[in-house]
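J.: predicted model and sequence follow; I will ask about them next.
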Amino acid sequence: MGTQWARHEANKNELAIWVDKATLWVKFHPQPAIWAGAGLLVAVLICVGYVNRRLGQKEDAWSKLAMIQSYAYSGQAASALEQAGKLSEEYPSSPVAGFGQLLAGDILFEQGKYKEAAQAYQKALERPAAPTVATVAMADLALSQEAGGDYKAAADTAQKFLETYADHFMAPPVHGSLARCLAALGEKDKAKAALERMAFLYPQTYWADWAKTRTKG
């Protein structure tokens, strides 16, 4: 207790000495003190302005993403794709750009433009986005590559996804894509092994039943 009190008093004394020295310096150096205070005020104002500007830009970016989603959900695919492209140009370093590319990929996939969808998903992967965007983009990339007939690339992407995100909610459909791609490439034994692993990993689910049916077939 005595030691703690002594340390506390020492800290108080050090603070008092520092304040006294600062007060004396300001008293005998008024002009430099004024300039130092002004400089500090300017620095604070610059920081506040920077933070406010960044927050404003962030809010604008998310508002534009919401607009793109409204276009997509109302059937205005062309407008949504156009605005998604502009979003990436205006906010290249924002995570919002990744979400925009992901949405663009979904629109293109629904239109049957699988190669263009794969390109959009690839761009989403390359953006400094939230991990959730990159993860879903990789899964969608594998599915779009498969749908576009690029089975080798799809199998490679699917395998990488499963090795990295084994517990992700997109893992079962990606696993199914891997099995289909391996079968399409003539890798029957590997395809069968992938199906058997699906049945093991996702018991009592649609995916387990799907895998068992394909294994029997």
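T.: Sure thing, it's come through. None of these values were measured; they are calculated from a predicted model.
J.: can you report how many residues neighbour residue 216?
T.: Neighbour count for residue 216, taken as other CB atoms under 10 Å: 7. All C-beta spots, glycine's among them, are computed from the backbone N, C-alpha and C.
J.: mind listing what it touches?
T.: Taking CB atoms under 8 Å, 6 or more residues apart in numbering as the contact definition, residue 216 lies against nothing.
J.: cool, residue 181 as well?
T.: Neighbouring residues of residue 181 by CB under 8 Å, 6+ apart: 146, 151-152, 154-155, 158.
J.: what pLDDT does it get?
T.: As predicted, residue 181 sits at a pLDDT of 97.
J.: could you measure it against residue 134, distance?
T.: Distance, residue 181 to residue 134, using CB to CB, to the nearest Å: 21 Å.
J.: residue 118 touches residue 138, doesn't it?
T.: No: the pair residue 118 / residue 138 is not scored as a contact, 11.2 Å apart, by CB atoms under 8 Å.
J.: more neighbours: which of the two?
T.: When residue 118 and residue 138 are compared for neighbours, residue 118 comes out ahead with 26 against 22, by other CB under 10 Å.
J.: residues near the closest residue to residue 202 other than its chain neighbours, how many?
T.: Leaving aside its sequence neighbours, residue 202 sits nearest to residue 208 (CB to CB, 6 or more residues apart in numbering; 4.9 Å). By the measure other CB under 10 Å, the count of residues near residue 208 is 17.
J.: what residues sit buried inside the helix or strand residue 208 falls within?
T.: Taking DSSP states H and E as the definition, one finds residue 208 inside helix 206-216. Across helix 206-216, burial judged by 16 or more other CB atoms under 10 Å covers 207-208, 210-211, 214-215.
J.: in JSON lines: the residues you listed, plus pLDDT and distance to residue 96.
T.: Compiled in JSON lines, the buried residues of helix 206-216 are given as follows (pLDDT from 0 to 100; distance: CB to CB, whole Å):
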{"residue": "207", "pLDDT": "93", "distance to residue 96": "32"}
{"residue": "208", "pLDDT": "92", "distance to residue 96": "37"}
{"residue": "210", "pLDDT": "93", "distance to residue 96": "36"}
{"residue": "211", "pLDDT": "94", "distance to residue 96": "37"}
{"residue": "214", "pLDDT": "90", "distance to residue 96": "39"}
{"residue": "215", "pLDDT": "88", "distance to residue 96": "43"}
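J.: would you turn those residues into a markdown table with distance to residue 126?
T.: A markdown table is the format used below for the buried residues of helix 206-216 (distance: CB to CB, whole Å):
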| residue | distance to residue 126 |
| --- | --- |
| 207 | 30 |
| 208 | 34 |
| 210 | 32 |
| 211 | 32 |
| 214 | 34 |
| 215 | 37 |
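J.: and which of those residues is nearest residue 191?
T.: Taking CB to CB as the measure, residue 214 is the one of the buried residues of helix 206-216 closest to residue 191, at 8.5 Å.
J.: tally of neighbours for the residue nearest to the closest one when sequence neighbours are not counted?
T.: Nearest residue to residue 214, sequence neighbours excluded (CB to CB, 6+ apart): residue 195, at 5.3 Å. Residue 195 has 27 neighbours, counted by other CB under 10 Å.
J.: what residue spans form the domains of this structure?
T.: By the assignment in automatic domain parsing, the chain contains the domains 25-129, 149-217.
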